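Student: return a 3D structure for these sequence lines:
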Amino acid sequence: MAVAPLLKHWRTTFERVEKFVSPTYFTDCNLRGRLFGDSCPVTLSSFLTPERLPYEEAVQQDFSPAQVGDSFGPTWWTCWFRVELVIPEAWVGQEVHLCWESDGESLVWRDGEPVQGLTKEGEKTSYVLTDKLGEGDPRSLTLYVEVACNGLLGAGKGSMIAAPDPEKMFHLSQAKLAVFHRDVHKLLVDLELLLGVAKPGFGLSRKLSGNVRGAGQQL
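Tutor: Now for the predicted structure:
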């Protein structure tokens, strides 16, 4: 008795899984779109400098009000952002992230210490403020984000190996607090790993089975 294949329409299945974990397609309903829940704004201010200043000196500068959508630069300058935030009381017991998306290379400073890099190019766009907000934890914090006006591999005009664009401007596209759903993240990682393992395996098995069938026909 013939046994039906476990995955008859393998291409359709792969495409469905790809869309379910995609950062581009169907993010209104797929796993990527459910990584974060409730969100709230932060208060921003910033200043620009052509020099790379130490933290102790940078935080003493005059900061001006800033907002999402602002441009800063040019190339090789540094923009420092002061991020003042208040975590809602309703988020007690949940994991809370600072979500940050800007051009350039960013570094989060907390209590005078560098704690994490952020970059859109490296797909690292959030910092964990707390993995579980406690009843007595402080909910008002001030962070600093140091943004270098260059990409991960320089500031080439049009491509990373081109000469630098000295007049390039950079943009802040997101700055907010959000609840992070760790269970969704775990499921997303599992599916991405399984997809990565399965795709070449199915391609190879189909090729091998095709060769076997072809050899049998020749015999």
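Student: spell out, range by range, the helices that occur in the protein.
Tutor: Secondary structure of the chain, counting by DSSP state H: helices at 10-21, 55-58, 182-218.
Student: which of these comes out lowest on mean pLDDT?
Tutor: Of all these, mean pLDDT reaches its minimum on helix 182-218 (a mean of 64).
Student: the longest strand along the chain pairs with which strands, parallel or anti?
Tutor: In the chain, assigned by DSSP state E, the strand with the most residues is strand 170-180. Sheet partners assigned to strand 170-180 using DSSP bridges are listed as strand 36-41 (antiparallel), strand 71-72 (antiparallel), strand 95-102 (antiparallel).
Student: in the sheet, who's paired with Leu98?
Tutor: With DSSP bridges as the rule, Leu98 is bridged to Tyr127, Leu177.
Student: count the residues that sit near it.
Tutor: Leu98 has 23 neighbours, counted by other Cβ atoms under 10 Å. C-beta here means a position set from N, CA and C on the backbone, and glycine is covered the same way.
Student: correct me if wrong: it contacts Thr130.
Tutor: No - the criterion here is Cβ atoms under 8 Å, and Leu98 misses it with Thr130 at 10.5 Å.
Student: out of the strands paired with strand 170-180, deepest packed?
Tutor: Counting by mean count of other Cβ atoms under 10 Å, strand 95-102 has the highest mean neighbour count of those, with a mean of 21.
Student: quick one: low-confidence residue ranges for the protein.
Tutor: 1-8, 122, 158-160, 200-219 (pLDDT under 70).
Student: just to revisit the earlier point, for Ser126, find the nearest of the strands paired with strand 170-180.
Tutor: Evaluated over the strands paired with strand 170-180, closeness to Ser126 peaks at strand 95-102, with 4.2 Å, by Cβ to Cβ.
Student: give the contact list for Glu56.
Tutor: Applying Cβ atoms under 8 Å, 6 or more residues apart in numbering, we find Glu56 in contact with Gly112.
Student: any idea how far Tyr144 is from it?
Tutor: From Glu56 across to Tyr144, the span is 11 Å (Cβ to Cβ, to the nearest Å).
Student: and what of Ser45?
Tutor: 10 Å.
Student: identify the contacts common to the two.
Tutor: Shared contacts of Ser45 and Tyr144, counting by Cβ under 8 Å, 6+ apart, come down to 81-82.
Student: format the strands paired with strand 170-180 as TSV; extra columns: distance to Gln61.
Tutor: Listed next are the strands paired with strand 170-180 as TSV, based on distance: least, Cβ to Cβ, whole Å:
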stretch	distance to Gln61
strand 36-41	23
strand 71-72	14
strand 95-102	19
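Student: which residue lies closest in space to Glu51, excluding its sequence neighbours?
Tutor: Spatially, and ignoring its direct neighbours in sequence, Glu51 is nearest to Thr78 (7.2 Å; Cβ to Cβ, 6 or more residues apart in numbering).
Student: count of neighbours near the one you found?
Tutor: The tally of other residues near Thr78 (other Cβ under 10 Å) stands at 22.
Student: then Gly134?
Tutor: 9.
Student: good, wrapping up.
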